[in-house]
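J.: My questions are about this predicted structure, shown below with the sequence.
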Amino acid sequence: MVTRRFCTVQNGLIAAIVMACVWGVSLPAETDALHRVTLQLPWHHQFQFAGYYAAQKLGYYRDVGLDVDIRPGKVGDASMDRVIRSNSEFGVGSAEIVAARLEGAPLVVVAPIFQHSALAIVSIDGSGIKSIRDVENHKIMIEAQAAELFAYLSRAGVDPEKVEILPHTHSLNPLLNGQASALSAYISDEPFGLLERGIAYTVHLPREVGIDFYGDTLFTQEAFLLREPQIVEAMRDASLRGWEYALAHPEEIVDLILTDYSRDQSRSHLLFEARETRDLIQPDRIPLGTSDPARWRHMAEVFREAGFIVDGPIDLTGLSMDDPVYHGITAWFQGIDPRVLRLVLVAGAFVVFAVVLHRARRRRGSGAS
């Protein structure tokens, strides 16, 4: 009985060792197989996401072992929700990331791209709105994912009871036909339609009252970062490299967008967007992807001031992938050659086999005596 049981254990472990060795030898090298991930955009294809298109076209993602599926967004389908539900590994979001994190959503900032938010309120001449306080007694359209603008109105002292907020139609028509006196807009996008029509307008920026948020930000889910730190690091590096190229070659990337992604906007519109986007990213002053904990805290404090998050201590631990809380996890994986990892796994299997074999022999000896 003991001998038979020992033989069964021995044979099973030998089979396991063989399988481990075969698995270790047959694992593809790092460059043999690409990791497929999804990047969920918050809006339609346009220059706002130029760096990701450049990274895709120039093979930067492939160079780091990634096959990235870049998916356009649509109204009512928030990129944050898709990442939280694990429908996408990565997303592009804005200030709502920090508010969601403080409310328990497992989101982690990978890299802020826009050093300043593009969100603003735009009014046209003749609307009676010359300063942000003038929106009182007017109708304004504000999109759903724009808590930053509501915080702006609050800090500016606008009485919410005196403003009628309309749902955003994502069109300039209500502004042009007088249905709305002002609307929320990306300063890199909607103003072009007014310029094209020769209509004078005013941009009201949250920065006027000291609200200076990060804009478009690459983010992921915490569980994915913990499970695949190398992939997240690779995604960040390749994306920043793509943005560096896109900002240096805007006309080339505009042509790429028109050829491979979307013709919804004209070339002149995309070039306008490229110029405005550069101003928001400020690559000549600030290194791409710079993430300042003080800026994130500022954003959280503004949201708390406006009542978007509960009162109490602001704990931003784990908000950014650069947070020390992740260093012990990610540092172990970074720089490990896959071949070394395979050898470690196979060696570990042999160690386990030796320990179990030794114990089985001891049991066999005690049983015989």
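T.: In hand now; what should we look at? Numbers count the residues shown, from 1 in each chain.

J.: Which residue ranges make up the domains of the protein?
T.: As recorded under automatic domain parsing, the domains making up the chain are 2-28+338-368, 35-115+215-333, 119-209.

J.: Export those to TSV and append columns for mean pLDDT and mean neighbour count.
T.: C-beta: built from backbone N, CA, C; applies to glycine. Below are these laid out as TSV (pLDDT from 0 to 100; neighbours: other CB atoms under 10 Å):
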stretch	mean pLDDT	mean neighbour count
domain 2-28+338-368	48	13
domain 35-115+215-333	94	18
domain 119-209	96	17
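
J.: What sits closest to residue 243 if chain neighbours are left out?
T.: Closest residue to residue 243 apart from its sequence neighbours, by CB to CB, 6 or more residues apart in numbering: residue 51 at 3.0 Å.

J.: Please list all residues in contact with that neighbour.
T.: 113, 239, 240, 242, 243, 244, 245, 246, 247 (CB atoms under 8 Å, 6 or more residues apart in numbering).

J.: Is it correct that the fourth one falls within a helix?
T.: Okay, so that is residue 242. Yes: membership of residue 242 in a helix is supported by DSSP: H, G, I helix; E, B strand; the rest coil.

J.: Distance of it relative to residue 216?
T.: 13 Å (CB to CB, to the nearest Å).

J.: The fifth one now?
T.: The spacing between residue 243 and residue 216, counted by CB to CB, is 10 Å.

J.: which neighbours do these two share?
T.: Going by CB under 8 Å, 6+ apart, residues that sit against residue 243 and also against residue 216 are residue 113.

J.: The stretch 51-200 of the chain: helices as residue ranges?
T.: Secondary structure of the stretch 51-200 of the chain by DSSP state H, counting those that start in this stretch: the helices cover 60-63, 79-84, 96-102, 147-155, 173-176, 191-196.

J.: So which residues make contact with the third one?
T.: With contact meaning CB under 8 Å, 6+ apart, helix 96-102 is reached by 80, 84, 107-109, 145, 147, 217, 219, 296, 299-300, 303, 308-309, 314-316, 318-319.

J.: That one: how far from the chain's middle?
T.: Computed by CA atoms, centre = their mean, to the nearest Å, the chain-centroid distance of helix 96-102 equals 12 Å.

J.: How about the contacts made by the residue nearest to residue 298 when sequence neighbours are not counted?
T.: Nearest residue to residue 298 in three dimensions, chain neighbours excluded: residue 212, at 7.1 Å (CB to CB, 6+ apart). By CB under 8 Å, 6+ apart, residue 212 lies in contact with 116, 117, 206, 295, 298.

J.: Tell me the spacing between residue 212 and residue 248.
T.: 26 Å.

J.: can you check residue 161 too?
T.: On the measure of CB to CB, residue 161 and residue 248 end up 49 Å apart.

J.: Only alpha carbons, please: show stretch 193-208 as PDB.
T.: The C-alpha coordinates for stretch 193-208 follow below in PDB (Å, rounded to 0.1, in the frame of the first residue of the first chain):
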ATOM      1  CA  GLY A 193     -17.300  75.900 -35.600                       C
ATOM      2  CA  LEU A 194     -17.900  79.500 -34.400                       C
ATOM      3  CA  LEU A 195     -14.700  80.800 -36.000                       C
ATOM      4  CA  GLU A 196     -15.700  79.100 -39.300                       C
ATOM      5  CA  ARG A 197     -19.000  81.000 -39.200                       C
ATOM      6  CA  GLY A 198     -17.300  84.300 -38.300                       C
ATOM      7  CA  ILE A 199     -19.100  84.400 -34.900                       C
ATOM      8  CA  ALA A 200     -17.400  86.200 -32.000                       C
ATOM      9  CA  TYR A 201     -17.400  84.300 -28.800                       C
ATOM     10  CA  THR A 202     -16.100  84.300 -25.200                       C
ATOM     11  CA  VAL A 203     -14.400  81.300 -23.400                       C
ATOM     12  CA  HIS A 204     -15.000  81.100 -19.700                       C
ATOM     13  CA  LEU A 205     -12.300  79.000 -18.100                       C
ATOM     14  CA  PRO A 206     -12.300  77.400 -14.600                       C
ATOM     15  CA  ARG A 207      -8.800  78.700 -14.200                       C
ATOM     16  CA  GLU A 208     -10.200  82.200 -13.800                       C
END
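
J.: Now tell me what touches it from outside.
T.: 116-117, 119-125, 129-132, 148-149, 151-152, 156, 172, 176, 182, 187, 191, 212-213, 269, 272.
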